[in-house]
Every structure is written in C-alpha cells, then in structure tokens.
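Engineer: sequence and predicted model, in that order:
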Amino acid sequence: MSLTDRLYRQFIYTKFFTKGWGSSETLFRLLALRDALLQNPQQIAASKGSVNISESRSHDNYEVHTGNFQSPLAEFHPGFLPKESELAQFQMVLPKSWPSSNRKPICVQLAGTGDHRYWRRRKLLAKPLATENGIGSILLENPFYGVRKPLGQTRSALQHVSDLFVMGLGLALETAALFNWCLEQGYGPLGITGISMGGHMASISSTFWLKPIAIVPCLSWSTASVAFSQGVFKDACTWQVLEKDMEQASKIRDSGKIRSLSDPVLPSAAQGKGKPSLEALTFMLELMDTFTHLSSFPKPHPDSSIISVVAKDDEYMPRTRVTPLTEVWQNCEVRLVAGGHIQSYVVHHDSFQKAISDAFDRLPANATLHATN
C-alpha cells in the first residue's frame, strides 16, 4: 500500500466527469467505430496525415522540431473530437548523432494524466533518450489536453466518461499516422511508450500497428477499469452526477454490448455521501473494460519487443483480481520498481529510459527493413 498515492489524491480537488457518462448516442457510435476498426485494423495502420513542421531549433547535442497535422479521427470520422482537438500537435526531439545511417529509432511518447504540452516528457525522457541512447522521440499532445483542450474543460478533468474513449481512438489513429510519416522520412525502427494513462493509451495504440515495434507501457496494466473502480482515482469521479445520468447509461448497458472482463472486489452497497452505488460502479467497470481491456484488441506483432514497468505498491493502478498483462501478451516482460504510483512517476524515469532502450535493442535486426515493407 502506498500512503503517498492516497495522500496526494486528497490534495487534488479537480473532479472528473462533471457532465456524466456522455450521451448514449456518442457511446453507441464509439462502440460501432471501435468494432469496425477491430474487424479491420488496417484502417488504423494505414492512417496518414499531412505533417507540417512549424518550428525547428538546434541545441548542442539534440534538435527539437514542432509540428502538426489534421487528426485522422476528425478527418475520416467527424463529430467525435471537439473543434479544439482536431489539429494534432507534436514535438520531435532528435539526436544529433544516430546509431547508424540506416538505424534511426523513434519512440512516440503519449501523455499521462495532467501532462499538458511537452516540457515534462522532453526534459525527463526525450532529451536523455536522444543524448544517451541515440533514440528520437515524438511527444504527441493528447486530444483534450494543452492547446487541444476544449472550451469549458478545467485542466485535465475530462467532462464525460466518453471523452476518455474518444481520446484513445484519436491517439491510436494519430500514432499510426506519425509512424507512417516516420517511415516516409527514413526513420526506424519505431516504438511507443507512455506513463500512467499514457502507458495504457500506448498499449492500445500499439495493437493496431501491424509491424514489429518496441512497446513500453509504464505504470499501467491490462485495463483502465481498475483505476476508476478500485484505485484511489475512483474518488476523483463526480459520482453524484454519474448517478443522476444513469438513464443514459441504462440504454447502452441494456443493449448487451458491454461487459466486464475483470473481477475486482466491489462494495455491496453505496458507501456514503459522494460514493458510488453498486449499480454505477459496476457500469463504470463494464464500460471501461469494454473500451480499454487489452484482451479486446489485436495482439501486437509477434516480433514486437514489449517491456512493462510497474510500481510495486501502485494505488492508482492496482493489479489485483484483473487479468495479468503477461496473460494478454505472453511475450511481455514485466519489471517492478519500488514505491507507489506517484513516487515511481517522480523518481524512476531512469528505469523507464532503460526499458525503452532495452526494448529497441531487442527488436529483430531486420525490424527497420521490415517496417518499411
């Protein structure tokens, strides 16, 4: 148990999902799009965007390029992303010296909860990877974050539960577009990583890429449902609003299209003011598992190199009574770091960096060639 995780959450007053689950129409459309993409993952793998590099800066031993492109989710599936999120924005951190002329590794980094803009990922991971490991990074701004944050949203507090699923689909399409652009520019092999929510988004995005890549989810696991049903993050949800919005929930719950793939210990009844009822908590579990459980997605390419870094005492992403990641992805190595979620996020970036470097090193020798075919 991590006392730091529990204490930290008590000092964060931002509440999530202040406008409820999202409309039943949006949830049904998301399910339909997700199912269509699962039946034909090539749709995501073939995603492309017209990338514009708007600014470039050179430093002593690395370069920084800032760019943007129209999100494929906005271009081909309009109506999901808010207007402010339609333009995907990223920053690219590249080493001045590559491992070799035909090996220019690039790792896409997705943002965790509260990680707006680029400075944190750039300073803590991208610059060390570029200068010490010869690995470039693309720091993609999540939909609903930073300059892509919709009007009316407070900081990182998504207003609807459905916004999280829109973010995930947007990132999967945008990551594939960036991968394809990298290959066109002569970069490779490719990889993806993220911490906390970014780690899980990276895992989901990786499943739609049909070629070998390095996959390094950090401080995440096989499903996001545990974060909202039994982790300390559960208390950040606006359950009073979600309870009142159960009419919207009932339409999709009664459709038979959602189901739980986890078995956490849930309370038998409401736990007091501001706490969720068993009905609302069960629906949250079912909805989150339906949209985020990795067993619902394709497996990564068998030659992909997967290393997961998890915290021993993680109270944000507990791993009890849920499917082990190694059961979903049998070729995944799991590395354990000491401490809870918050402590690990602060002090274990060297472990994340090492895992990323190792994952790239383990890719087959022909991964760069394979990626271009």
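Structural biologist: Sure, I can see it. Numbering: from 1, shown residues only.

Engineer: so which residues of the stretch 201-350 of the chain form strands?
Structural biologist: In the stretch 201-350 of the chain, the segments counted as strands under DSSP state E, counting those that start in this stretch are 214-218, 305-311, 332-337.

Engineer: output those strands in TSV; the columns should cover distance to L178 and mean pLDDT.
Structural biologist: For glycine as for every other residue, the C-beta is placed from the backbone atoms N, C-alpha and C. As requested, these are exported to TSV (distance: least, CB to CB, whole Å; pLDDT from 0 to 100):
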stretch	distance to L178	mean pLDDT
strand 214-218	15	97
strand 305-311	19	96
strand 332-337	23	95
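
Engineer: which residues in the stretch 51-200 of the chain form strands?
Structural biologist: 52-58, 62-70, 87-95, 106-110, 136-140, 190-195.

Engineer: reformat those as a markdown table; add mean neighbour count, distance to S344 and mean pLDDT.
Structural biologist: A markdown table is the format used below for the strands of the stretch 51-200 of the chain (neighbours: other CB atoms under 10 Å; distance: least, CB to CB, whole Å; pLDDT from 0 to 100):
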| stretch | mean neighbour count | distance to S344 | mean pLDDT |
| --- | --- | --- | --- |
| strand 52-58 | 10 | 31 | 94 |
| strand 62-70 | 18 | 26 | 96 |
| strand 87-95 | 23 | 23 | 97 |
| strand 106-110 | 28 | 17 | 97 |
| strand 136-140 | 26 | 20 | 97 |
| strand 190-195 | 29 | 9 | 97 |
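
Engineer: format those as a markdown table; extra columns: distance to H348.
Structural biologist: Listed next are the strands of the stretch 51-200 of the chain as a markdown table, based on distance: least, CB to CB, whole Å:
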| stretch | distance to H348 |
| --- | --- |
| strand 52-58 | 29 |
| strand 62-70 | 22 |
| strand 87-95 | 20 |
| strand 106-110 | 16 |
| strand 136-140 | 18 |
| strand 190-195 | 9 |
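
Engineer: pull up the gap between P72 and A172, please.
Structural biologist: P72 sits 9 Å away from A172, taking CB to CB, to the nearest Å as the criterion.

Engineer: ok, these two, which is more surrounded?
Structural biologist: A count of neighbours by other CB atoms under 10 Å puts A172 above the other of P72 and A172, at 27 against 22.

Engineer: now the more buried one: closest residue in space that isn't a chain neighbour?
Structural biologist: Of all residues not flanking A172 in the chain, S205 sits nearest, at 4.5 Å (CB to CB, 6 or more residues apart in numbering).

Engineer: what about that neighbour, how many neighbours?
Structural biologist: Residues near S205, counting by other CB under 10 Å: 29.

Engineer: and S357, how many neighbours does it have?
Structural biologist: S357 - counted by other CB under 10 Å - has 22 other residues nearby.

Engineer: leaving out sequence neighbours, find the closest residue to it.
Structural biologist: Using CB to CB, 6+ apart, the closest residue to S357 is N133 (4.6 Å).

Engineer: and that neighbour, how far from A214?
Structural biologist: N133 is 12 Å from A214, by CB to CB.

Engineer: overlap in contacts, the two.
Structural biologist: Common contacts of N133 and A214 (CB atoms under 8 Å, 6 or more residues apart in numbering): 356, 360.

Engineer: comparing those two, which residue is more hemmed in?
Structural biologist: For N133 versus A214, neighbours defined as other CB under 10 Å are more numerous around A214 (28 against 19).

Engineer: the more buried one is in contact with G188, isn't it?
Structural biologist: No. If you go by CB atoms under 8 Å, A214 and G188 don't touch, sitting 10.9 Å apart.

Engineer: hey, what's in contact with both of these two?
Structural biologist: P105.

Engineer: run through the stretch 151-300 of the chain and note the low-pLDDT ranges.
Structural biologist: The model of the stretch 151-300 of the chain has pLDDT under 70 over residues 264-274.

Engineer: going by neighbour count, list what's buried in the lengthiest helix in the chain.
Structural biologist: In the chain, assigned by DSSP state H, the helix with the most residues is helix 161-184. In terms of neighbour count (16 or more other CB atoms under 10 Å), helix 161-184 has its buried residues at 161-183.

Engineer: which strand residues bridge the closest residue to S54 other than its chain neighbours?
Structural biologist: Residue nearest to S54 in three dimensions, not counting chain neighbours: T66, with 5.5 Å by CB to CB, 6+ apart. Beta-bridge partners recorded for T66 (DSSP bridges): E55, Q91.

Engineer: my guess is F80 contacts L73, does it?
Structural biologist: Yes. The criterion here is CB under 8 Å, and F80 meets it with L73 at 5.8 Å.

Engineer: and these two? Which one has more around it.
Structural biologist: Neighbour count, other CB under 10 Å: between F80 and L73, L73 has more, with 27 against 22.

Engineer: dump the residue contacts of that one.
Structural biologist: L73 touches 80-81, 143, 166, 169-170, 173-174, counting by CB under 8 Å, 6+ apart.

Engineer: over to L30?
Structural biologist: L30 neighbours (CB under 8 Å, 6+ apart): 80, 162, 165-166, 169, 291.

Engineer: helix or strand right after the host helix or strand of it?
Structural biologist: Per DSSP states H and E, L30 falls inside helix 24-39. As assigned by DSSP H and E, the chain's next helix or strand after helix 24-39 is helix 42-45.

Engineer: check which helices and strands that following helix sits against.
Structural biologist: helix 24-39, helix 161-184 (3 or more CB pairs under 8 Å, 6 or more residues apart in numbering; DSSP states H and E).

Engineer: mind listing what's buried in it?
Structural biologist: Neighbour count says helix 42-45 has 43-45 buried, by 16+ other CB under 10 Å.
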